[in-house]
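> for reference, the sequence and a predicted model appear below.
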Amino acid sequence: MKAPIYLDYQATTPVAPEVAAAMRPWIETQFGNPHSPHRLGREAAAVIEVARERIVQALLLPSVRFERSREVLAPDSEPRFSTALEPNGNGAGGKLYFTSGATEAANWALKGVAARLPKGKRKIVTLATEHACVLDTVAWLGGQGFEIDILPVGPDGLVDLDLAADRIDDRTGLVAAMLVNNEIGVIQPLSELAALAHEKGAIFFCDAVQGFGRVPVPVEACDMIALSAHKVHGPKGIGALWVRDGVVLEPLLHGGGQEGGTRSGTLSPALCVGFGEAARLLAERAEEDHAHLERLWKLAWQRLDNQWILNGSADARYHGNLNILMPGVDSARLISDVRDVAFSAGSACASGSGRPSHVLSALGLTDREARASIRIGFGRYTTEEDLLHALDLIMAAARRQRQFAA
C-alpha cells in the first residue's frame, strides 16, 4: 500500500538517510557503553563529543556569536547579571547536555533553575501558547509555592511587549518563551523578551525545538535552550539542553551523573550520533532547505487561493507551518476523510484529548473555529507535486463537508 503524503513536519520529521546510515554501526558493532574505560567505550565517548560539537555549531550558525557575562545563581543571593555583551572566541559560552528529548530538557531547565531561585525572585513568567511541557511544568511549580504569571497573546499569536515589560518585574526569577510555536508557526520576539528578563535579573529559557535549523536562534539572548533531534530529521528519544556558562541547575535525574556530573543516565551513542549528523546536515543544507521551503510556501498559498484563513501572524512566522481555518469544516472528520495525506489539527501531544487547541483558544478562536482548523507542515523531503496534490485532496474534502452541511 502506498504511503500517505506526509505533511505533519511539526509532529516529527522523516529521518534523513544520512542519519540512519551514520547510526547503524553504533547499533550493530560499536555498541560499547560510552562511560566504560575500554576501547569500545572510549570510541563511543569520542563520537558523542563530535556529535555534541556539531549540534552546538548548528545552533550558533545563524546567530551572532556573543557571550553574556553571568554570575552563578546561589540559593541565598540575588542574581546580578551584567548587560554587557562580549565577543566569545569559541562562539559558544555554554555547554550542551544530551537529554531523552525536549520534554526532559524543558523540565530540567525550569525545575533546575527554580530550585535555586532566592527569596524575592520566585516568580515565573511564561506565555499562554507555550508547549505543554512548559505549561504543565510551570503549573507543577505553582503547586510548589512559586508565583506563576502566564501572559496572553494577541489574535496574531504574539505577546505584547509593553504588557511583558509590566509583568516581568523585580520579583521575576525565570522567564520562558518558545521561539517558533509548534501549532501555528508564529515567531515570538525572543531577543526583546530576554532583554526584559535580564533587565530584572531573571534567567531566560527558550524552547527552540521548532526553530532550530529553521530560523535564527538568538543564542546570545538566551540562558537555556531546549532542542529535539526528531524535529530536524534525526531520531526520536534524544534531545539536548544548552546552558550558558554561569547558570547552575539542580539535577532532575540522580544517579551516575554521566553528563557533566549533572544529568544521570547512560547515553546512547547511536542516538547522539544521529542527532549530530542531523545537525551537520542542517548546517550543510541551510540555504538549500530555506529556498525549497519558500517555494513550497508560495505554491501552497497560490493553490489555497484565499479560501482559507491563516491562524496567527502572516509576517512573524516560520513558512513550513501552515495553520489554516475554513469555517464549517470539522478537522477531525477531514483528517479521517483524506487518508492519502498525513496532516493534523494541532499538537500531536494533545491530539487525543478531544479538547480544542489551547494555542488557538489563546488567539481568541471559538471552539468551533478551533475545530475547523488544520495544520499542514512541510519541509526538506516534501516535493512540490506531492504538496499540491495533497492540498487538492484536502480542499476537495473540505468542499464536500460544507456542501453536505448546507
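Received, thanks.
> got a list of contacts for stretch 140-154?
110-111, 114, 117, 122-129, 135, 138-139, 159-160, 163-164, 167, 171-172, 362-363 (CB atoms under 8 Å, 6 or more residues apart in numbering). Backbone N, C-alpha and C define where each C-beta goes, glycine included.
> out of those, which end up buried?
110-111, 114, 117, 122-129, 135, 138, 159, 164, 167, 172, 362-363 (16 or more other CB atoms under 10 Å).
> hmm, residue 286 is touching residue 213, no?
Yes - Residue 286 is in contact with residue 213 according to CB atoms under 8 Å; the separation is 7.5 Å.
> so where do the helices sit in the stretch 1-150 of the chain?
17-23, 25-28, 39-60, 102-114, 132-143 (DSSP state H, counting those that start in this stretch).
> out of the ones you listed, flag the one nearest residue 266.
Among the helices of the stretch 1-150 of the chain, helix 39-60 comes nearest to residue 266, with 10.2 Å by CB to CB.
> residues of that closest one that come out buried?
For helix 39-60, by 16+ other CB under 10 Å, it's 44-45, 47-48, 51-52, 54-60.
> residue 180 against residue 215, yeah?
Yes - counting by CB under 8 Å, residue 180 does reach residue 215; the two are 6.1 Å apart.
> more crowded one of these two?
For residue 180 and residue 215, the more surrounded residue by other CB atoms under 10 Å is residue 180, and the numbers stand at 26 against 19.
> residues touching that one, list them.
186-187, 208, 210-211, 214-215, 318, 321.
> hmm, which helix or strand of this protein has the shakiest average pLDDT?
Among the helices and strands of the chain, strand 85-87 carries the lowest confidence by mean pLDDT, DSSP states H and E, at a mean of 30.
> look up how far residue 383 lies from the most centrally placed residue in the chain.
Closest residue to the average C-alpha location of the chain: residue 209 at 1.9 Å, with CA atoms, centre = their mean. Distance, residue 209 to residue 383, using CB to CB, to the nearest Å: 25 Å.
> same deal with residue 158?
32 Å.
> more crowded one of the two?
Higher neighbour count among residue 158 and residue 383: residue 158, with 21 against 12, using other CB under 10 Å.
> what helix or strand does that one sit in?
Using DSSP states H and E, residue 158 falls within no helix or strand.
> identify each buried residue in stretch 252-272, please.
252-253, 258-259, 262-263, 265, 267-272.
> end to end, how far does it reach?
Using CA to CA, to the nearest Å, the end-to-end distance of stretch 252-272 comes out at 20 Å.
> just the element for the residue nearest to the centre of the chain, please.
Counting by DSSP H and E, residue 209 is found in no helix or strand.
> does it touch residue 101 like I think?
No - when contacts are counted by CB under 8 Å, residue 209 is not listed as touching residue 101 (9.2 Å).
> hang on, the earlier thing: what's the residue nearest to the centre of the chain sitting at in phi/psi?
As for residue 209, its main-chain torsions (degrees, to the nearest 10) stand at phi -60, psi -50.
> and it, what does it touch?
Per CB under 8 Å, 6+ apart, neighbours of residue 209: 102, 131, 178, 182, 226-228, 231, 239.
> mind checking how far residue 131 is from residue 316?
When residue 131 is compared with residue 316 (using CB to CB), they lie 18 Å apart.
> more neighbours: these two, which one.
residue 131 (25 against 15).
> for residue 344, see how far away that one is.
15 Å.
> same question for residue 113.
Residue 113 is 32 Å from residue 344, by CB to CB.
> between those two, tell me which one has more neighbours.
residue 113 (26 against 19).
> and the more buried one, what's its pLDDT?
Predicted confidence (pLDDT) for residue 113: 98.
> surely it meets residue 202?
No - when contacts are counted by CB under 8 Å, residue 113 is not listed as touching residue 202 (9.5 Å).
> between those two, which contacts overlap?
173-174.
> burial of the nearest residue to residue 51 once chain neighbours are set aside, as a residue count?
Nearest non-adjacent residue to residue 51, counting by CB to CB, 6 or more residues apart in numbering: residue 276, 2.6 Å away. The local packing of residue 276 (other CB under 10 Å) involves 28 other residues.
> right, and residue 276 touches residue 57 too?
No - the pair residue 276 / residue 57 is not scored as a contact, 9.7 Å apart, by CB under 8 Å.
> run through the stretch 51-200 of the chain and note the low-pLDDT ranges.
62-92 (pLDDT under 70).
> what ranges does it have for its strands?
66-68, 85-87, 94-99, 123-127, 147-151, 172-178 (DSSP state E, counting those that start in this stretch).
> the inter-axis angle of the third one versus helix 39-60?
Yep, that's strand 94-99 we're talking about. With axes from the mean of the first three to the mean of the last three CA atoms, to 10 degrees defining the directions, strand 94-99 sits at 120 degrees from helix 39-60.
> now the helices for the stretch 251-400 of the chain?
Going by DSSP H, counting those that start in this stretch, the stretch 251-400 of the chain shows helices at 269-284, 286-304, 331-337, 358-362, 367-371, 384-405.
> looking at the ones you listed, which is buried most?
Of all the helices of the stretch 251-400 of the chain, helix 269-284 carries the top mean neighbour count, a mean of 25, counting by mean count of other CB atoms under 10 Å.
> helices or strands up against that one?
helix 17-23, helix 25-28, helix 39-60 (3 or more CB pairs under 8 Å, 6 or more residues apart in numbering; DSSP states H and E).
> could you tell me the angle between it and helix 286-304?
Going by the same axes, to 10 degrees, helix 269-284 makes 80 degrees with helix 286-304.
> what residues does helix 269-284 touch?
15-16, 18-20, 22-23, 26-27, 30-32, 34, 44, 47-48, 50-55, 57-59, 61, 98, 212-213, 229, 232-235, 237-238, 240, 289.
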